[in-house]
Structures are given as C-alpha cells and as structure tokens.
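Visitor: I would like to see how this sequence folds:
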Amino acid sequence: MKLTKLLMAVAIITTVSFVSCKPKDADIKTAIEAKLNAMPNMVQGATVDVKGGVATLSGECKDDMCKMECEKAAKEVKGVKSVVANFTIPAPPVVATPPASLTTTLDAAAQQKVKDGLKDIKGVSVEFEGEKAVLAGEVSKADRMKIMQMLATAKVKSDVSKLTDKK
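Guide: Below is the predicted model:
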C-alpha cells in the first residue's frame, strides 16, 4: 500500500513538472517578436498573438518571400504548435503610361512605303514626327492626288499643309 501511494505521488509530481515546464504563451510571444524584430527589412508593424501555442502573425510584408520567412521563424520557437500568418502584401505601385499619341511612332515599313511612293515625285520632302508623315514642297494637282492615294494605301497619318501647288 505504501508502495502504491509512493508510485502515485511520483506520477503526479512528474506530470505536474512536465506541464509546468511547457513554455507559456507570453514567453512564446516574446520569443517570436524578438525573431521578427531581428528582421527589420522584412516586416513592418508586425503584431504577434499567441493562444494555446497557436501563433497568429499580422503586419505588412514586402512580398511572399518575406511572409514565408516570418512564418518559418515563428515555427522555430519552442512551444509553437502552429502559425497563422495574416500578413498583408502591398500592391505594386501603378506606373502611369503616357498616352498612346505621345509614344507611338511610325514603323520602319510604313516609313519606307511613304519614301518609295515619293521617290518619283520631284520637289517633295518628307519628315516623320511620331506617327505622322509631314510633307513639304511644291507639287502639281496630279502629283498631289498620287500622294494622297499613296498615303491612304499606306494607312499613314499625314500633314500635307506644307505642300503648295505649282502654277
């Protein structure tokens, strides 16, 4: 009977000592915060909450790699059963593209079509400004018609205001 009581007492003491040695949530939280603070380039405004060994992390990470690294660091802390990573990742900045009219240029094939169409017409010069062909010189009415047809066929926007009629 004494032996049974002694064994029972040893079992109770052993159980109590194992339970009391388990890290407390507050200690786990402190350890996780210390690990996250050691990674200042990774996390901004991280908060940690621990309940029953389940660590909930939140804050702003710069990317998915940051999120995985923080989660890994939290899992390495003694006493953590699982990690819930509620990090937000900011959207990439939107870069405004300039309007199409400022960025488009006439492709080389279209420029060559215009130059080829004008090679037989004397006294006409062409300059390309963005997506427009600017024509200048003195032409006959017949040559003006050829130029207009050639530009329409090549599907090229043009400025023919500098063309003058031959007299």
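
Visitor: check contacts around residue 79.
Guide: Listed by C-beta atoms under 8 Å, 6 or more residues apart in numbering, the contact set of residue 79 reads 22-24, 27-28, 53. All C-beta spots, glycine's among them, are computed from the backbone N, C-alpha and C.

Visitor: so what does the helix or strand hosting residue 153 touch, helix or strand wise?
Guide: Per DSSP states H and E: residue 153 is located in helix 141-154. Applying 3 or more C-beta pairs under 8 Å, 6 or more residues apart in numbering; DSSP states H and E, one finds that helix 141-154 contacts helix 108-118, strand 132-139, strand 157-165.

Visitor: may I see the ones you listed arranged in CSV, with mean neighbour count and mean pLDDT as well?
Guide: Below are the helices and strands packed on helix 141-154 laid out as CSV (neighbours: other C-beta atoms under 10 Å; pLDDT from 0 to 100):
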stretch, mean neighbour count, mean pLDDT
helix 108-118, 15, 84
strand 132-139, 18, 87
strand 157-165, 14, 81
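
Visitor: could these go into TSV alongside distance to residue 60?
Guide: Shown next, in TSV, are these (distance: least, C-beta to C-beta, whole Å):
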stretch	distance to residue 60
helix 108-118	47
strand 132-139	48
strand 157-165	48
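
Visitor: and those: which comes nearest residue 145?
Guide: strand 132-139 (9.5 Å; C-beta to C-beta).

Visitor: partner strands of that closest one and their direction?
Guide: Partners of strand 132-139 in the sheet, by DSSP bridges, are strand 124-129 (antiparallel), strand 157-165 (parallel).

Visitor: nearest to residue 66, of those?
Guide: Nearest to residue 66, of all those, is strand 124-129, at 47.3 Å by C-beta to C-beta.

Visitor: for the closest one, list every residue counted as buried.
Guide: 124, 126, 128 (16 or more other C-beta atoms under 10 Å).

Visitor: which among those gets closest to residue 143?
Guide: residue 124 (7.5 Å).

Visitor: share the number of residues neighbouring the residue lying closest to residue 80 once chain neighbours are set aside, please.
Guide: In this structure, residue 80 finds its nearest non-sequential neighbour in residue 55, 5.2 Å apart by C-beta to C-beta, 6 or more residues apart in numbering. Counted with other C-beta atoms under 10 Å, residues neighbouring residue 55 total 24.

Visitor: follow-up on the earlier one: and the contacts of residue 79, which of them are in helices?
Guide: Within those, residues falling in helices by DSSP state H are 27-28.

Visitor: where does this structure dip in pLDDT?
Guide: 1, 6-7, 9-10, 14-22, 40, 42-44, 98-104, 167 (pLDDT under 70).

Visitor: tell me how it divides into domains.
Guide: As recorded under automatic domain parsing, the domains making up the chain are 23-88, 100-165.
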